[in-house]
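1. need coordinates for the below:
(2 chains)
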Amino acid sequence: MRMTNLFSVTLRDRPSEADTPSHELLLRAGYIRQLAAGIFSYLPLAKRALTKIEDIMREEMNAIGGQEITMPVVHPADIWKETKRWYQVGSEMGRFQDKSDRDMVLAMTHEEVVADLVRKEVHSYRQLPMLIYHIQTKWRDDPRPRAGLIRVREFTMKDSYSLDADLEGLDKQYRAHYQAYFNIFHRCGLPVIAVKSDVGMMGGSLAHEFMYLTPVGEDTLLLCDACGYAANRQIARFLKPKAEPEKLKAIEKVATPEMTTIEDLATFLEVPKSRTAKAVFMIGLFPEGTEKVEKFIFAIVRGDMDINETKLANAVKASELRPATNEEIKAVGAVPGYASPVSIKDAMVVVDDLIPDSPNLVAGANEEGFHLRNVNAGRDYEADIIADIATADEGSHCPECSESMRTSRGVEVGNIFKLGTRYSVDMGCTFLDQDGKEQHVVMGSYGIGSGRLLASVAEQYRDEQGLILPISVSPYDVHLVGLKGAEDASEKLYSDLVEAGVEVLFDDRAESPGVKFADADLIGIPLRLTVSNRTLKEGSFEIKRRDQSEAAVVKLDAALETVREVLQDLIDEIVEGVIEVPYDN
RNA sequence: CGGGGCGUAGCGCAGUCCGGUAGCGCGCACGGUUCGGGUCCGUGAGGUCGGCGGUUCAAAUCCGCCCGCCCCGACCA
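-> Below is the predicted model:
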């Protein structure tokens, strides 16, 4: 491709909307342009990079038996009503009516369509196991798109769906994906770790997220360097420090004027925060049929910990949680700032599993200006649910080996879910087993967003000048710079390379050397060739790796051979970076 | 949805406080110049000042409503 023909220009200044490095560079280098919040066009450079990424995905999916298909972007709402997700998913789902006023859905994922295909196509155990996938557009109307391609509303995703006769089969395909995903990320040069994660709206029994660790990420992870435990904070377990057992003391009411926070209260009463109970009030939404029922949730953790809303939602089996309003809190007989589960009504009381082992805590008196000492779960109030609902934090102790854990931010670049029969039951995906007995198809679903992956790679591989892409993802193999006075020689080198199958971006513009070098650095193709009068005197050209400062001078008649060698080096270096990550981490 | 910021030429910005009919840099076009790290000189094209309404002799500037974009939080695969 000649740059005089390339449909994009580079930008000298950082566009004001970009403040994430990958976003800035992808814009400035002319890879992407934004149409609206979270909606992008992918220009030729990005399109080529994405095609490389998607071809890697195809190879790895095909290698574990995947068959590529394409499913629709527009779905009739009926199938989403069958699985209840029409009712369960909120504003994130794109909905509209067609010309006959039928409810329609913009695809946010494809479990429903897969299940519909399966119930029509799969009837016998002889057809299982099966793995299908596609690479297709998704629409998720995220309330807050951000950071360029990291978090968008319209995006392309490779999503695959495993179909099995039983849980053993699912486990096998799940493990195959686990490894295939590492292969994909490694081939793109992206370091990732797998963490256990919440199943969220997908449902199912087990899920892993593949996380690229970067401060730009918006998920928080708990990592144990000692044993390798890794989990999204949403579900991370941790060892809770148990209190010394002591005799239960009688409740004692104390005046605590204007002490409405745990901090103030602990200081005022001169007790550690761990000797207080923190109350949080949420309204849980519970799907019942096609309706959602609201219930008041009174959640209690020890004062030195925080509530984990994901754990809480899972513990009570709510589809959504929202903070309760002051009116709702008062309606159950609690007083904000001075609330306790003693003497309240019409609330689901959920206590953290540490609370029953923490005797004689300070809790609210449900009376303005007063707290109670020596409140004990089981004696003074009954818990409806006892569960782990506290959030792990920096320094929390590892649930596996008890060492201190650290936190890190990460971008979720892929996820895998064991769905089980959650969709096949709702949509009637059955087959006959060897005994002629009807069984439900066991499903798994697995996704990688290609744009987010490209953005993560851009985030990882860059310097002050621009991108430094891994060769496997780079839109072209080499960036050929022809300087003034060397037009004939660079034209010849260009056509020789193209003829030999090398993918070349050829800067044939009438620009000054500085402009051409600056643009080459910005675009980030890992190998740059320069032909100029200077090199031509010796019948040579210059070859320079984007990640190295020194260039080598090579005879023109050895061009093809040398370029192939260096390209191979670039490929090998990525492959060398591959590390096996055990499934049971 | 809550908090904050911004919206003036393709991009980056000044002008807004204090009303008088729009400017700078880059980019773009043309001419010349230079040629190994965003050359230099000249000429030129390009703007409903996000939109609607109001105040005023007069609005980019003041007031109201709305829209859009970005950041933080809530939320989210």
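2. ok, now how distant is the residue sitting nearest the centre point of chain A from RNA strand B?
-> Taking CA atoms, centre = their mean, the centroid of chain A lies closest to A:Glu412, which sits 2.1 Å from it. Distance of A:Glu412 to RNA strand B, given as CB to the nearest atom of the strand, to the nearest Å: 6 Å. C-betas here are computed from N, CA, C, even on glycine.
3. low pLDDT regions in chain A?
-> A:198-204, A:269, A:287, A:289-291, A:576-585 (pLDDT under 70).
4. in it, which strand is the longest?
-> In chain A, with assignment by DSSP state E, the single longest strand is strand A:406-420.
5. ok so, going back, check contacts around the residue nearest to the centre of chain A.
-> A:Ser197, A:Glu209, A:Phe210, A:Met211, A:Gly217, A:Asp219 (CB atoms under 8 Å, 6 or more residues apart in numbering).
6. out of those, which touch RNA strand B?
-> Taking CB under 7 Å from any atom of the strand as the test, RNA strand B is in contact with A:Ser197, A:Glu209, A:Asp219 out of these.
7. can you select the buried ones from those residues in PyMOL?
-> For the buried members of the ones next to RNA strand B among the contacts of A:Glu412, the matching PyMOL selection, counting by 16 or more other CB atoms under 10 Å, is:
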select buried, chain A and resi 197+209+219
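8. for the ones next to RNA strand B among the contacts of A:Glu412, give me JSON lines that also has secondary structure.
-> Below are the ones next to RNA strand B among the contacts of A:Glu412 laid out as JSON lines (DSSP: H, G, I helix; E, B strand; the rest coil):
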{"residue": "A:Ser197", "secondary structure": "coil"}
{"residue": "A:Glu209", "secondary structure": "strand"}
{"residue": "A:Asp219", "secondary structure": "strand"}
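9. which of the ones next to RNA strand B among the contacts of A:Glu412 lies closest to A:Val478?
-> A:Glu209 (35.6 Å; CB to CB).
10. for the closest one, what are its contacts?
-> A:Ala194, A:Val195, A:Lys196, A:Ser197, A:Asp219, A:Asn232, A:Glu412, A:Gly414, A:Asn415.
11. beta partners for it?
-> A:Val195, A:Asn415 (DSSP bridges).
12. what of the one 4 residues further on?
-> Residues in a beta bridge with A:Leu213, per DSSP bridges, are A:Gly410.
13. could you check how far it is from A:Leu361?
-> In this view, A:Leu213 and A:Leu361 are 37 Å apart by CB to CB, to the nearest Å.
14. ok, these two, which is more surrounded?
-> A:Leu361 (24 against 17; other CB atoms under 10 Å).
15. with adjacent residues omitted, what lies nearest to the more buried one?
-> A:Ala277 (4.4 Å; CB to CB, 6 or more residues apart in numbering).
16. now for that neighbour, how many residues are close by?
-> By other CB under 10 Å, the burial measure for A:Ala277, its neighbour count, is 25.
17. looks to me like it is in a helix.
-> No: counting by three-state DSSP, A:Ala277 is not found in a helix; it is strand.
18. mind listing what it touches?
-> A:Ala277 touches A:Ile300, A:Val301, A:Arg302, A:Gly303, A:Ser340, A:Ile355, A:Leu361, A:Val362, A:Ala363, A:Val375, counting by CB under 8 Å, 6+ apart.
19. does the second one count as helix, strand or coil?
-> Going back to what we said before, that points to A:Val301. Using three-state DSSP, the secondary structure recorded for A:Val301 is strand.
20. so how far is A:Phe238 from the closest residue to RNA strand B within the stretch 251-400 of chain A?
-> Closest to RNA strand B within the stretch 251-400 of chain A is A:Glu309: 4.5 Å, counting by CB to the nearest atom of the strand. Here the criterion is CB to CB. By it, A:Glu309 lies 16 Å from A:Phe238.
21. the two: who's more crowded?
-> Comparing A:Glu309 with A:Phe238 by other CB under 10 Å, the one with more neighbours is A:Phe238, at 23 against 19.
22. state the distance from the more buried one to A:Asn314.
-> Distance from A:Phe238 to A:Asn314, by CB to CB: 16 Å.
23. turn the ones next to RNA strand B among the contacts of A:Glu412 into CSV, including distance to A:Ala559.
-> Shown next, in CSV, are the ones next to RNA strand B among the contacts of A:Glu412 (distance: CB to CB, whole Å):
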residue, distance to A:Ala559
A:Ser197, 49
A:Glu209, 45
A:Asp219, 46
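24. closest one of the ones next to RNA strand B among the contacts of A:Glu412 to A:Pro72?
-> Taking the ones next to RNA strand B among the contacts of A:Glu412 together and measuring to A:Pro72 by CB to CB, the closest member is A:Glu209, at 26.8 Å.
25. my guess is the residue of the stretch 251-400 of chain A closest to RNA strand B contacts A:Leu321. True?
-> Yes: with contact defined as CB atoms under 8 Å, A:Glu309 reaches A:Leu321; the gap is 5.5 Å.
26. can you give me the end-to-end distance of stretch A:520-528?
-> By CA to CA, to the nearest Å, the extent of stretch A:520-528 from end to end equals 8 Å.
27. how deep is the nearest residue to A:Met130 once chain neighbours are set aside tucked in, by neighbour count?
-> Spatial nearest neighbour of A:Met130, chain neighbours left out: A:Leu163 (4.3 Å); criterion: CB to CB, 6+ apart. Neighbourhood size, A:Leu163 [other CB under 10 Å]: 26.
28. now the residue in the stretch 401-550 of chain A that RNA strand B sits nearest to, what's its secondary structure?
-> Residue nearest to RNA strand B within the stretch 401-550 of chain A: A:Gly514 (2.5 Å; CB to the nearest atom of the strand). At A:Gly514 the chain is in helix, as set by three-state DSSP.
29. got it, and A:Ala231?
-> Strictly by three-state DSSP, A:Ala231 counts as strand.
30. list the contacts of it.
-> A:Val195, A:Lys196, A:Ser197, A:Leu221, A:Leu222, A:Arg237, A:Ala392.
31. ditto for A:Phe210
-> A:Tyr181, A:Phe182, A:Phe185, A:Val192, A:Ile193, A:Ala194, A:Glu412, A:Val413, A:Gly414, A:Asn415, A:Ile416, A:Ile448.
32. before I go, just wanted to say thanks for your time.
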